[in-house]
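Novice: What follows is a predicted protein model with its sequence.
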Amino acid sequence: MRLATWNVNGLRARLDYIDLWLQDRQPDIVGLQELKTPDDVFPHEHFEALGYQALVHGQKSWNGVAILAKHPMTLKQQGLQDQEDFGARLITAEVTTPKGTVFDFTTVYCPNGKTLEHADFGRKLEWYKSLNAYWQQNAVAKHLICGDFNIVPEAIDGWRGEQGEGTIFYTKEERQHLQDFVDLGLTDLFRNRYPDRQEFSWWDYRGGAFHRKHGLRIDFLLATQPLVDATTEVIIDRDYRRKIEDLTASDHAPVFADLNI
């Protein structure tokens, strides 16, 4: 079972590129973020032709999340309580695998925060509190949450290393909120498998950041212990951060994990 996350930075602008990746990597379930697409124009039939059903919590111009799945799933949650004004940023489904395993799959697009001085920074921290509350109220034994978390957990996860400390994405406050969430019983699948490896999942379009290896690892697959135990591989898919012919990639790479479930 291949589970994936990808901030696509505009679904309709990236649709042909996404098709290439789906056909090449053949993920079973994908959490998508930053759709910038309202529900009523989401291309359900397009993905059905590729073998995927979709659950969507969309939004015009900004935000938006969706789950694509080859296997039966039912919607459990759209959005976070009391956070609706911060946009469409969370969706959860219950999924049943061909082996009969039932688990919850959540994808999130966590707020960016913009700058330490911006009002959105405080709102970002409050959003994380709401995420923690949601998780505690909806805990199940087998649950994977993936997405763009917009926080650099450790110095190794950002190209600036220790020099990034105290700046946006690297602050003690952001990291503590993320750690509080992980402490609810979650494991970062990539870091668990590769404790010392420096890889990034996001690179700015500007300044040749991708080729200069100036990136951040902010896209995670976090899982409860039964799913951690079932994980056989975790990949940050850098090949799909590159331009392919005349198709421009997202500024995020997909991240996927293979699990025996």
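Specialist: Okay, I see it. Every value quoted in this text rests on a predicted model; they were computed, and no experiment measured them. Residues are numbered from 1 along each chain as shown.
Novice: hang on, Thr232 in a strand?
Specialist: Yes - counting by DSSP: H, G, I helix; E, B strand; the rest coil, Thr232 falls inside a strand.
Novice: For it, grab the count of nearby residues.
Specialist: By other CB atoms under 10 Å, 10 other residues sit near Thr232. Any C-beta I mention is one placed from the backbone N, CA and C, and that applies to glycine too.
Novice: and it, what does it touch?
Specialist: Going by CB atoms under 8 Å, 6 or more residues apart in numbering, Thr232 touches Asp258, Leu259, Asn260.
Novice: cutoff 6 Å now
Specialist: Taking CB atoms under 6 Å, 6 or more residues apart in numbering as the criterion, Thr232 is in contact with Asp258.
Novice: need the strands for the chain, in chain order.
Specialist: In the chain, the segments counted as strands under DSSP state E are 2-7, 29-33, 53-57, 65-69, 73-78, 90-96, 102-109, 143-148, 187-188, 202-203, 215-216, 219-223, 231-236, 255-259.
Novice: tell me which residues of the third one are tucked away?
Specialist: So that's strand 53-57. Judged by neighbour count (16 or more other CB atoms under 10 Å), strand 53-57 contains these buried residues: Ala54, Leu55, Val56, His57.
Novice: Next: the fifth one.
Specialist: Burial within strand 73-78, assessed by neighbour count using 16+ other CB under 10 Å, is assigned to Met73, Gln77, Gln78.
Novice: Note down every partner strand of it and its orientation.
Specialist: Looking at strand 73-78 with DSSP bridges, its partner strands are strand 90-96 (antiparallel).
Novice: can you state the direction angle for the partner strand and strand 53-57?
Specialist: For strand 90-96 against strand 53-57, the angle by axes from the mean of the first three to the mean of the last three CA atoms, to 10 degrees is 150 degrees.
Novice: From the rest of the structure, what touches strand 90-96?
Specialist: Residues from elsewhere that reach strand 90-96, judged by CB under 6 Å, 6+ apart: 55, 57, 65, 67, 71-80, 102-108.
Novice: if you skip the residues just before and after it, what's nearest to Leu80?
Specialist: Of all residues not flanking Leu80 in the chain, Ser130 sits nearest, at 4.6 Å (CB to CB, 6 or more residues apart in numbering).
Novice: My guess is Leu144 contacts Thr224. True?
Specialist: No - applying CB atoms under 6 Å, one finds Leu144 not in contact with Thr224, separated by 7.5 Å.
Novice: who has more neighbours, these two?
Specialist: The residue with more neighbours, out of Leu144 and Thr224, is Leu144; 26 against 20, by other CB under 10 Å.
Novice: dump the residue contacts of the more buried one.
Specialist: Contact analysis of Leu144 by CB under 6 Å, 6+ apart lists Phe105, Ala223, Leu227.
Novice: With neighbour count, distance to Tyr240 and pLDDT as extra columns, can I get the residues you listed in TSV?
Specialist: Below are these laid out as TSV (neighbours: other CB atoms under 10 Å; distance: CB to CB, whole Å; pLDDT from 0 to 100):
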residue	neighbour count	distance to Tyr240	pLDDT
Phe105	24	21	98
Ala223	26	22	98
Leu227	25	23	98
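Novice: Make JSON lines out of the residues you listed and add distance to Glu154.
Specialist: As requested, the contacts of Leu144 are exported to JSON lines (distance: CB to CB, whole Å):
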{"residue": "Phe105", "distance to Glu154": "26"}
{"residue": "Ala223", "distance to Glu154": "19"}
{"residue": "Leu227", "distance to Glu154": "22"}
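Novice: Considering these, which is situated nearest to Gly10?
Specialist: Using CB to CB, Phe105 comes nearest to Gly10 of the contacts of Leu144, at 22.6 Å.
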